[in-house]
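[1] how would this look folded up:
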Amino acid sequence: MSDRVSVDRSSRRSLAWVVGIVLVIASVGVAAGLLWHSLLHVPHGVVVGHQWFPDPWESGERDLFDATGWYVVIAVVAGLVLGTLAAVLSRAPELWTLAAVLVGSLIAAWLMRAVGLHGAPPDPRVAAAHAADGTRLSGTFGRPGAAAFITWPLAAVLPVGIVFLLVPGRGSHFAETPAEPGGAR
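    Residues are numbered from 1 along each chain as shown. Prediction:
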């Protein structure tokens, strides 16, 4: 009976670690989205032939590229830091920790993109389709595509794998095991 209670407590503690990891990574995704949004610049442009073009071209294209670039930089740094912390601090089994980091990083990627693009100006291509040549329109933020959902998980899972593979005895040393009968571990 005592062993079963110890296993149940250990499982509950591991589940609490897993939920905590997911929540921490997701909340950092929100903060990363706010940071990303603060770094974005709205390009300005002009309508030519019912198409919107950044004006001046170089700075407009740079602003569109910078949006994805900053997203990737912020996501990589946050993912590496959070993945390392999860691997080192987690008391849950390795696979549970890895799954929590993966799920949390996917949620963080979505939240960072959603929060960062909240309140973004509308796509100028829609207005340009009905505007006269020479009409000046503000652009919108560049929207990262697949990079949004690859960067976070890759950056977060990589240090987890490295720590679990390279730190000797990580599983047996850090994981909580139920006490053996007689008080020995």
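
[2] close enough to count as contact, Ser105 and Leu158?
    No: the criterion here is Cβ atoms under 8 Å, and Ser105 misses it with Leu158 at 10.5 Å. All C-beta spots, glycine's among them, are computed from the backbone N, C-alpha and C.

[3] so what sits against both of those two?
    79, 83 (Cβ atoms under 8 Å, 6 or more residues apart in numbering).

[4] Of these two, which one has the most company?
    More crowded of Ser105 and Leu158, by other Cβ atoms under 10 Å: Ser105, with 31 against 17.

[5] which helices and strands sit right next to the helix or strand hosting the more buried one?
    For Ser105, the host element (DSSP states H and E) is helix 94-117. Here helix 94-117 touches helix 2-39, helix 57-89, helix 147-166, going by 3 or more Cβ pairs under 8 Å, 6 or more residues apart in numbering; DSSP states H and E.

[6] These: which one's closest to Gly116?
    helix 2-39 (4.1 Å; Cβ to Cβ).

[7] Measure how the helix or strand just after the closest one sits relative to helix 57-89, angle-wise.
    Per DSSP H and E, the first helix or strand lying C-terminal to helix 2-39 is strand 44-48. Strand 44-48 and helix 57-89 are oriented at 130 degrees to each other (axes from the mean of the first three to the mean of the last three Cα atoms, to 10 degrees).

[8] Which elements pack onto strand 44-48?
    Against strand 44-48 (3+ Cβ pairs under 8 Å, 6+ apart) you get strand 51-54, helix 124-128, strand 136-138.

[9] ok, and what's touching the last one?
    So that's strand 136-138. Contact partners of strand 136-138, identified using Cβ under 8 Å, 6+ apart, comprise 42-47, 52, 55, 121, 124, 127-128, 131.

[10] and that strand, which strands flank it?
    Paired with strand 136-138 in the same sheet, following DSSP bridges, are strand 44-48 (antiparallel).

[11] Output the partner strand as PDB, nothing but the C-alphas.
    Provided in PDB are the C-alpha atoms of strand 44-48 (Å, rounded to 0.1, in the frame of the first residue of the first chain):
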ATOM      1  CA  HIS A  44       4.800  52.600 -46.200                       C
ATOM      2  CA  GLY A  45       4.100  52.200 -49.900                       C
ATOM      3  CA  VAL A  46       2.400  53.300 -53.000                       C
ATOM      4  CA  VAL A  47      -0.100  51.700 -55.400                       C
ATOM      5  CA  VAL A  48       1.000  51.000 -59.000                       C
END
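
[12] start the count at 25, not 1, going forward
    Shifting the count to begin at 25 puts that one at strand 68-72.

[13] and the closest residue to Ala56 other than its chain neighbours, what is it in contact with?
    Spatially, and ignoring its direct neighbours in sequence, Ala56 is nearest to Met136 (4.6 Å; Cβ to Cβ, 6 or more residues apart in numbering). Residues near Met136 by Cβ under 8 Å, 6+ apart: 53-54, 56-57, 60, 95, 98-99, 172, 176.
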